[in-house]
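> A structural model of the following input is requested.
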Amino acid sequence: EYFLNRFRGNEECDLQSLIGMEIEEEEEQTLIGFCVLGGIFGEGIDLKRDSLIGVIVVGTGLPQVGCEREILKGYFDEDGENGFDYSYRYPGMNKVLQAAGRVIRTAEDVGIIVLLDDRFQQYSYRRLFPREWEQVQPVTVDTVAKKVERFWDAWLWQKG
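Numbering: from 1, shown residues only. Next comes the predicted model:
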């Protein structure tokens, strides 16, 4: 509700001012926002400092099956390429990378990116990861809390 109240009554959406990017004092509460891949929060906003310290991407961002995508797929398949990659996987991964890019914008930014889909373990997706993701660590429901805690503890120790 706190998040949604920032948008009530605004015909024109000025995202930078609505979200409160320039907060100078520490917030007393934690805010979790849920957004759609490729939506207005996927790109075009700059969340400074620790305004955003993590993102959980659910799914691979594959676009819906449609005539245009199937024509594109057929074109590349006939040309000996992987049509699925060009028409579905690459556009989906572009959305995933855009969402992940909200967390790490500068060399000083620190955060966690969680890819919540088993398909991200497949080579066809991992080969599309940026080189900075070479240290990706698969986790399970049983291990994720400890891994996140270790990550932040290590960062605080380095910073401290």
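> ok, residue 74 - contacts?
By Cβ atoms under 8 Å, 6 or more residues apart in numbering, the contact list for residue 74 reads residue 83. C-betas here are computed from N, CA, C, even on glycine.
> Do a quick rundown of the strands in this protein.
Taking DSSP state E to define them, one finds strands in the chain at 54-58, 112-116.
> Contacts for stretch 117-135, please.
Against stretch 117-135 from outside (Cβ under 8 Å, 6+ apart): 57-60, 85, 89-90, 93, 97, 104, 113, 136, 138.
> And for residue 92, the neighbour number?
Close neighbours of residue 92, defined as other Cβ atoms under 10 Å, add up to 21.
> before we move on, back to that, just so I know, which of the strands of the chain lies nearest residue 151?
With respect to residue 151, and counting by Cβ to Cβ, the nearest of these is strand 112-116 at 6.3 Å.
> That closest one vs strand 54-58, what angle?
Using axes from the mean of the first three to the mean of the last three Cα atoms, to 10 degrees, the inter-axis angle of strand 112-116 relative to strand 54-58 is 10 degrees.
> Report the buried residues of strand 112-116.
Buried positions in strand 112-116, judged by neighbour count with 16 or more other Cβ atoms under 10 Å: 112-113, 115.
> roughly how far apart are residue 123 and residue 68?
Per Cβ to Cβ, to the nearest Å, residue 123 is found 27 Å from residue 68.
> Then residue 50?
From residue 50 to residue 68 the distance is 40 Å (Cβ to Cβ).
> more neighbours, these two?
In this view residue 50 and residue 68 are compared by other Cβ under 10 Å, and residue 50 has more residues nearby, 12 against 9.
> and residue 78, how many neighbours?
Applying other Cβ under 10 Å, we find 9 residues neighbouring residue 78.
> thought residue 62 was touching residue 92?
Yes. Assessed by Cβ atoms under 8 Å, residue 62 is found in contact with residue 92 at 4.2 Å.
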